[in-house]
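Asker: model this:
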Amino acid sequence: MKKVIIACFASLFIFGFGVKESHASSNTYTVKSGDTLYRISINHNTSVANLKKWNNLSGNTIYPNQKLVVGGQAAPAPSKPAGESQTTQSNVKKDFIMQSTAYTASCKGCSGITKTGINLKKNPYAKVIAVDPKVIPLGTKVYVEGYGEAIAGDIGGAIKGNKIDVFISNYGRALQWGRKTVKVQILD
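Answerer: Here you go, the predicted structure:
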């Protein structure tokens with residue numbers, strides 16, 4: 001138990017002081033064939049409601065080549081219902097077995113802004129993992145066993161090699177995550 005607590009505190013310290021703010025290069029997105037508002041909301045760490053509001057949409061219908069505003073004051077992104085299939089063989093590019101710990105954005109002095117600019121305090125339901133960018137590049141979509149689909153959106157001084165740190169907004173649940181071996185899948 002001491003090792004788990006030390007690992008969590010070390011992660012909080014590293015992420016609280018090692019994060020630099022960056023901004024997305026664009027607040028617009030061009031719709032591609034097969035896109036849905038839900039998928040776009042997940043990829044841009046916002047909600048379907050925000051996308052509808054920012055783009056004056058009354059329904060869920062979008063069209064290829066349509067330009068959507070995807071940035072602004074974001075609401076928490078929705079999470080997938082329990083039991084929903086997260087991956088299929090066709091969208092998995094690579095599998096890893098990794099050591100994982102958890103971190104929060106609510107420590108004293110933590111900015112809550114990830115390396116890729118995701119504000120975790122404003123998006124407490126965002127599924128974000130910290131990675132070694134030499135192993136998993138920042139911005140990569142992944143599926144983490146026991147956590148779900150996430151974005152590789154952060155880094156940390158202790159995250160080297162086959163290690164990840166999953167973002168969990170609640171400190172108690174972050175401690176409950178502890179240190180565990182998980183399967184991580186790189187998605188298309």
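Asker: C-alpha from now on. contacts and neighbour counts both.
Answerer: Noted.
Asker: can you name the next helix or strand after the helix or strand encompassing residue 164?
Answerer: In this structure, residue 164 sits in strand 163-167 according to DSSP states H and E. Using DSSP H and E, the helix or strand that follows strand 163-167 in sequence is helix 171-177.
Asker: is it true that residue 149 touches residue 143?
Answerer: Yes: assessed by Cα atoms under 8 Å, residue 149 is found in contact with residue 143 at 4.3 Å.
Asker: could you pull out the helices for the chain?
Answerer: 2-17, 37-43, 48-54, 171-177 (DSSP state H).
Asker: kindly report the domain assignment for this structure.
Answerer: The chain is divided into the following domains under automatic domain parsing: 2-23+86-187, 28-69.
Asker: about what we covered before: neighbouring contacts of the strand holding residue 164?
Answerer: By Cα atoms under 8 Å, 6 or more residues apart in numbering, the residues outside strand 163-167 that reach it are 11, 98-105, 126-132, 147, 159, 174.
Asker: that one - what's its average pLDDT?
Answerer: Mean pLDDT, strand 163-167: 95.
Asker: pull up the pairing partners for it, direction included.
Answerer: Using DSSP bridges, strand 163-167 pairs in its sheet with strand 92-103 (parallel), strand 128-130 (antiparallel).
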